[in-house]
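Trainee: Sequence and predicted structure, then a few things I'm wondering about:
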Amino acid sequence: MCVGITCSLKWLIWLNDRAYHVHKKLFTSKLISRNIKLQLYNMLICPTVTYASETWVLKENMINKLLNFERKIMSKIYGPIKTEDGYWRIKTNQEINDILKGQNIIGFIKKQRLNWLGHVECMAEDNIVQRIRRWKPMSQRPIGRPKKHWEDDILEDIKNMNVRNWKKVVQNRDSWKKLVQNRDSWKKVVEQAKTLYRL
């Protein structure tokens, strides 16, 4: 049975598959430039599949599904490659990763989550979001390994970015925004993710 974020992700990917097939002629047309196709992807497809991703806990199966979905579309946008023998073949996953230079959908979601974390940290203590965040359930925890929490997942990203005293940094909105948008810092996160998830 499908529940929670995983179920929502399956539904979002299914919707975007339909959206992609509706506009498939645009993505495969030789009359439309590659830059326009990328803009269409960033405006029509990516925002829908990453809807509410600020609150996601990224699990390995979710990451694989999202990357597979993105690679399928990117392979259509960038097209096949001609070999030395004169044959055409589809680009490999590694070739697509090299083209994207780490700016994939997972990096986008991680950036969105850090933006949301900064927004939450600047909220007043009596704000409903802060109260829910600090709330501890009174019931007994089920047997087994505890599930990874949203904040724990984001703190791993911050640790990979070598950010010290992040709670102090986040109080300055401009500094935090600059840190989140910093491509060099994000490159470290992406490389860590590529190693971790065997990309």
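Mentor: In hand now; what should we look at?
Trainee: I'd like the distance between the residue of the chain positioned farthest from its centre and residue 33.
Mentor: Residue farthest from the centre of the chain, counting by C-alpha atoms, centre = their mean, is residue 85 at 37.0 Å. Applying C-beta to C-beta, to the nearest Å, the value for residue 85 to residue 33 is 28 Å. Bear in mind the C-beta positions are built from the backbone N, C-alpha and C, glycine included.
Trainee: Kindly tell me how buried the spatially closest residue to residue 62 that is not a sequence neighbour is, as a neighbour count.
Mentor: The shortest distance from residue 62 to any non-neighbouring residue, by C-beta to C-beta, 6 or more residues apart in numbering, is to residue 9 (5.8 Å). The local packing of residue 9 (other C-beta atoms under 10 Å) involves 22 other residues.
Trainee: in the helix or strand hosting residue 9, what counts as buried?
Mentor: Secondary structure assignment for residue 9, by DSSP states H and E: helix 4-22. Within helix 4-22, the residues scored as buried using 16 or more other C-beta atoms under 10 Å are 5, 9, 12-13, 16, 20.
Trainee: thinking again about what came up before, in three-state terms, label the residue farthest from the centre of the chain for me.
Mentor: Classification of residue 85 by DSSP: H, G, I helix; E, B strand; the rest coil places it in coil.
Trainee: Quick check: next helix or strand after the helix or strand hosting residue 116?
Mentor: Element membership for residue 116, per DSSP H and E: helix 105-121. Reading on from helix 105-121 to the C-terminus, the next helix or strand found by DSSP H and E is helix 128-134.
Trainee: And the contacts of that next one?
Mentor: 120, 123-124, 151 (C-beta atoms under 8 Å, 6 or more residues apart in numbering).
Trainee: now, among the residues you listed, which is nearest to residue 95?
Mentor: Closest to residue 95 out of these is residue 151 (35.6 Å), distances taken as C-beta to C-beta.
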